[in-house]
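A.B. asks: Based on what follows, work out the 3D shape:
(chains A and B)
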Protein chains: 2
Amino acid sequence: MKLDKNKKILIVGLGLLGGSYARALTDKGFYVTAITRSESSIEYALREKMIARGSTEVDPALVSEADVIVFALYPHIFKKWIRENAGLIKRGAILTDVTGVKCSNVYEIQEMLPEGIEFIAAHPMAGREVYGVENSTPEIFRGANYIVVPTDKNTEEAIELCSDLGRVLGFADVSRLSPEKHDEMIAFLSQLTHCIAVSLMCASDDPNLTRYTGDSFRDLTRIARINENMWSELFLENREALLSQMENFKQSFDDMYSAVRDGDEERMKEMMRLSTKRRALFDKK
Amino acid sequence: MKLDKNKKILIVGLGLLGGSYARALTDKGFYVTAITRSESSIEYALREKMIARGSTEVDPALVSEADVIVFALYPHIFKKWIRENAGLIKRGAILTDVTGVKCSNVYEIQEMLPEGIEFIAAHPMAGREVYGVENSTPEIFRGANYIVVPTDKNTEEAIELCSDLGRVLGFADVSRLSPEKHDEMIAFLSQLTHCIAVSLMCASDDPNLTRYTGDSFRDLTRIARINENMWSELFLENREALLSQMENFKQSFDDMYSAVRDGDEERMKEMMRLSTKRRALFDKK
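C.D. replies: As a prediction, this is how the structure comes out:
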């Protein structure tokens, strides 16, 4: 199933990601509407012609006409929204999302939905250290990865439509993972990295550090500027997978510690050669 | 003492940093020569007009005519060079370096030098993940920090000349630290970050990770592509300071681990707010 131009797309939650979806899809000629709590976000999006219509309330007209609904909300708000408003969604509609964790909500939301409405989860791996619709731009999708996260309940049609959405948005790579595999991957690649950056920033209170810093520290801690409400929720929603990846990292860091302490130059070099070889594979194409 | 244009500057070690010094200084109208082991590096530097003369041997003429000598060598090679060739250096010459650790070599080198030859240590905090004179460019100094690292043995004149060199090269900030304070700072800001990046790359051997990665992981592990010979030497030369910073980080990471494990949302948010506030101070001016 292709994402054709006759489909009406509703974005729920017009922040950085929701706004970037709206911009990209409107630019491509889709009919895009939005629901978000903030009046100024709707006004901004209308003024910028990112959306055709918008509302700060759950407007039944907007919800019921939508063929595709994209949820760009915090996990617990997403679940609450579905619980309260699923009845407004038309039969045949496809729902998708941008949530960074999956096991803790995908199954539950699929359970909650009435017959004939399908939720196919997705994770667009794009972001910035700034927030809000004013900072949104389809540029964040360029060169980035988009993961479709189906369960046994999903149809091949919905999976295809959701994959097509990723391609239309401009992602460099569209792939598929199970919720379990997704959460394990994301615990390592995203949540663990944020834990490390935050921990590092908390590890020294020397006020003079800024004067002596180099790019390596700046790059490593870029993500230490963090939205604490969103990320604490993501960490807890994926707690077991995250703890397990934190343990893997601790083990590896302890290996390095021992090598330094024991003056084991060969062991250090071995780790550095391994990391160099592996890291070379991660450059953007 | 200003670094005036009549001074002859010799660069010993024409890699990424030495080459960038040569390019910057030649561009500014200084007379720059170089000694480095590799024939092709000298040929490249002459062809690119980065240096006026060069040699792959320790040419007594080049050494004895130099007013300023910049050593851009690995720590152990630097010490060996001084031990073998200090007698060739003319009285009144000022020596400086680019070495990333200080306590383990500054005092020793100052001890080794004959009367009338002064070594003033410096650490230009600039680098790239690529190596060699072919990749050198003064661009790496732009927006970066340059630290002069004097001991009690240094004269104010030499400290000023060395600071002026940093300004001439184009560094954004030139500051001063004792060897002890420098090594503590660098253990945290540079060596610890490299330990973390390498450990993280070694913590998972999942070959599929590259397909799902986002920018946060890419940025955090940029420095995991590492020159294992140089960095293992730097780690061991600064072992005590590094171990102590690794312990600080482990403590902080363990705090985060406990907060996640215990579902202590408030503790997580507190760390994230602290890291956000601190990180904001580190952006480039």
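A.B. asks: Check what pLDDT the residue of the stretch 1-150 of chain A found nearest chain B gets.
C.D. replies: Residue nearest to chain B within the stretch 1-150 of chain A: residue A:125 (4.0 Å; CB to the nearest CB). Backbone N, C-alpha and C define where each C-beta goes, glycine included. Per-residue confidence (pLDDT) for residue A:125: 90.
A.B. asks: One more: residue A:193?
C.D. replies: For residue A:193, pLDDT reads 96.
A.B. asks: That one: neighbour count?
C.D. replies: 24 (other CB atoms under 10 Å in any protein chain shown).
A.B. asks: Could you count how many residues lie near the residue of the stretch 1-150 of chain A closest to chain B?
C.D. replies: Residue A:125 sits with 24 neighbouring residues when counted by other CB under 10 Å.
A.B. asks: now it, nearest residue through space, not along the chain?
C.D. replies: Spatial nearest neighbour of residue A:125, excluding adjacent residues (CB to CB, 6 or more residues apart in numbering or on different chains): residue B:214 at 4.0 Å.
A.B. asks: which residues sit in contact with the one you found?
C.D. replies: A:125, A:126, A:127, A:144, A:145, A:189, A:190 (CB atoms under 8 Å, 6 or more residues apart in numbering or on different chains).
A.B. asks: Distance-wise, check it relative to residue A:124.
C.D. replies: Relative to residue A:124, residue B:214 is positioned 10 Å away (CB to CB, to the nearest Å).
A.B. asks: Which parts of the stretch 51-200 of chain A are strands?
C.D. replies: With DSSP state E, counting those that start in this stretch, the ranges of strands along the stretch 51-200 of chain A come out as A:53-55, A:68-71, A:94-97, A:118-119, A:121-125, A:145-149, A:173-176.
A.B. asks: in the fifth one, what's buried?
C.D. replies: What that stands for is strand A:121-125. By neighbour count on 16 or more other CB atoms under 10 Å in any protein chain shown, the buried set for strand A:121-125 is A:121, A:122, A:123, A:124, A:125.
A.B. asks: roughly how far apart are residue A:37 and residue A:81?
C.D. replies: 11 Å.
A.B. asks: Which residue ranges make up the domains of chain A?
C.D. replies: A:8-177, A:182-282 (automatic domain parsing).
A.B. asks: could you dump those to a markdown table with distance to residue B:85?
C.D. replies: Formatted as a markdown table, those follow (distance: least, CB to CB, whole Å):
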| stretch | distance to residue B:85 |
| --- | --- |
| domain A:8-177 | 49 |
| domain A:182-282 | 26 |
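A.B. asks: closest to residue B:201 out of the ones you listed?
C.D. replies: domain A:182-282 (3.6 Å; CB to CB).
A.B. asks: Can you give me the first-to-last residue distance of that closest one?
C.D. replies: 18 Å (CA to CA, to the nearest Å).
A.B. asks: Stretch A:136-155 too?
C.D. replies: 31 Å.
A.B. asks: per-residue confidence averaged over that stretch?
C.D. replies: For stretch A:136-155, the mean confidence score works out to 95.
A.B. asks: That stretch: which residues count as buried?
C.D. replies: Neighbour counts over stretch A:136-155 (16+ other CB under 10 Å) mark A:136, A:138, A:140, A:141, A:144, A:145, A:146, A:147, A:148, A:149, A:150, A:154 as buried.
A.B. asks: re the thing from before, take the buried residues of strand A:121-125 and write them to TSV, including distance to residue A:206.
C.D. replies: Converted to TSV, those look like this (distance: CB to CB, whole Å):
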residue	distance to residue A:206
A:121	43
A:122	42
A:123	37
A:124	38
A:125	34
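A.B. asks: Double-check residue A:95 against residue A:117; I have them as touching.
C.D. replies: Yes. Using CB atoms under 8 Å, residue A:95 is in contact with residue A:117, at 6.7 Å.
A.B. asks: how close does the residue nearest the centre of chain A get to residue A:255?
C.D. replies: Geometric centre of chain A, nearest residue: residue A:100, 4.2 Å, by CA atoms, centre = their mean. As defined by CB to CB, residue A:100 lies at a distance of 29 Å from residue A:255.
A.B. asks: what does residue A:207 give?
C.D. replies: For residue A:207 relative to residue A:255 (CB to CB), the value is 32 Å.
A.B. asks: Comparing these two, which shows the higher neighbour count?
C.D. replies: When neighbours are counted by other CB under 10 Å, residue A:207 and residue A:255 differ, and residue A:255 comes out ahead with 19 against 9.
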